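Just to be clear, the model below is a prediction. Sequence and coordinates:
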Amino acid sequence: MPGVVVCGALGRMGRAVLHVLAENPYGMTLSGAVEAPGHPLLGQDAAAASGAGRVGVKVSDDFAGAIADADVAIDFSGPESSLRHAESCAAAGKAIVIGSTGISAEQMERIREAAGRAPIVQSPNMSIGVNLMFRVAADVARFLGEEYDVEIVETHHRFKKDAPSGTAVKLADTVAAALGRKMEDAGVYGRKGMVGERARKEIGVFAVRAGDVVGEHTLVFGGIGERLEITHRAQSREMFARGAVRAAAWLLGKPAGLYDMAAVLGFDR
């Protein structure tokens, strides 16, 4: 039975992944759980610490040792540690699914380099619905063209560290590419004061942080006399966890390379 290492195992997303793996989906099982050095629950049963029962897998800070005895890692630990884990997987020839957001351009380039030696799925959002939203957004943007203004509003819980969300960034990049634009030129990330009339090629991206909202993204196409909105609301983290586990199962046996959720879900066929 393929073994999975969960990185950031006792974070919000890591716990959700542990709960999904407790069901043994896709014939996979938890074989390792990794947290940062000094974490107060190191040495504890990972599933028990997350409220998912007992599996006999202790929380460790040794990723290299954990992945040596596993087949694939699922990582929501954060940008810098996800990068380190990707490079460790590349050295060991093991697969990894990266769901951390806030990854910089430099870090992404190093992940691409690691993907030259190991199979990696990297996506800012593992939800099937959100990835379908990416695909639909590009089609809608191409059909509506230059006559419709584009704005994106995302809302997340107060604890989220990066803004805008990785999902909003990818959504903006997807729409911009469909319209022949680049976010470096078209992106607007907040308005205040006498900013003047909206430029026709602007793409606005706005982040809201409040309470315990899991995640909500609304893509607005505003025309004269009508407005089209596409909204995705995440009601729990379980859907992200299920997508990540599905990606891990899909990645087994794949050649080295950088993949996304569109490939996992077959949207690119």
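Here it is on my side, so go on.

I'd like to know how far the closest residue to residue 114 other than its chain neighbours sits from residue 254.
Leaving aside its chain neighbours, residue 114 sits nearest to residue 90 (3.9 Å; criterion: C-beta to C-beta, 6 or more residues apart in numbering). For the C-beta atoms, the positions are set from N, CA and C on the backbone; glycine is no exception. Distance, residue 90 to residue 254, using C-beta to C-beta, to the nearest Å: 14 Å.

part of a strand, is residue 31?
Yes. Under DSSP: H, G, I helix; E, B strand; the rest coil, residue 31 sits within a strand.

Measure how buried it is and give me the count.
Residues lying near residue 31 (other C-beta atoms under 10 Å) number 21.

Just to check, it is in contact with residue 68?
No. If you go by C-beta atoms under 8 Å, residue 31 and residue 68 don't touch, sitting 10.3 Å apart.

Common neighbours of those two, please.
Overlap of the contact sets of residue 31 and residue 68 (by C-beta atoms under 8 Å, 6 or more residues apart in numbering) is empty.

Please identify which of residue 90 and residue 254 sits among more neighbours.
Each of residue 90 and residue 254 has its neighbours counted (other C-beta under 10 Å); residue 90 has more, 21 against 15.

Secondary structure element holding the more buried one?
Using DSSP states H and E, residue 90 sits in helix 79-92.

chain center to the next helix or strand after that helix, what's the gap?
For helix 79-92, the succeeding helix or strand toward the C-terminus, using DSSP H and E, is strand 95-98. Chain-centre distance of strand 95-98: 11 Å, with C-alpha atoms, centre = their mean, to the nearest Å.

List the buried residues of strand 95-98.
95-98 (16 or more other C-beta atoms under 10 Å).

How about stretch 209-216?
213-216.

So what touches that stretch?
125, 154-158, 160, 163, 165, 167, 231-237.

of these, buried ones?
Buried among the contacts of stretch 209-216 (16+ other C-beta under 10 Å): 125, 154-156, 160, 163, 165, 167, 232, 234, 237.

and which of these is nearest to residue 22?
residue 237 (14.7 Å; C-beta to C-beta).

Quick check, the closest one in contact with residue 13.
Yes. The criterion here is C-beta under 8 Å, and residue 237 meets it with residue 13 at 5.9 Å.

Quick one: the helices in the stretch 101-250 of the chain, in order.
Here the stretch 101-250 of the chain has its helices, by DSSP state H, counting those that start in this stretch, at 105-114, 128-144, 166-178, 183-186, 238-251.

How is this structure partitioned into domains?
3-122+237-265, 128-234 (automatic domain parsing).
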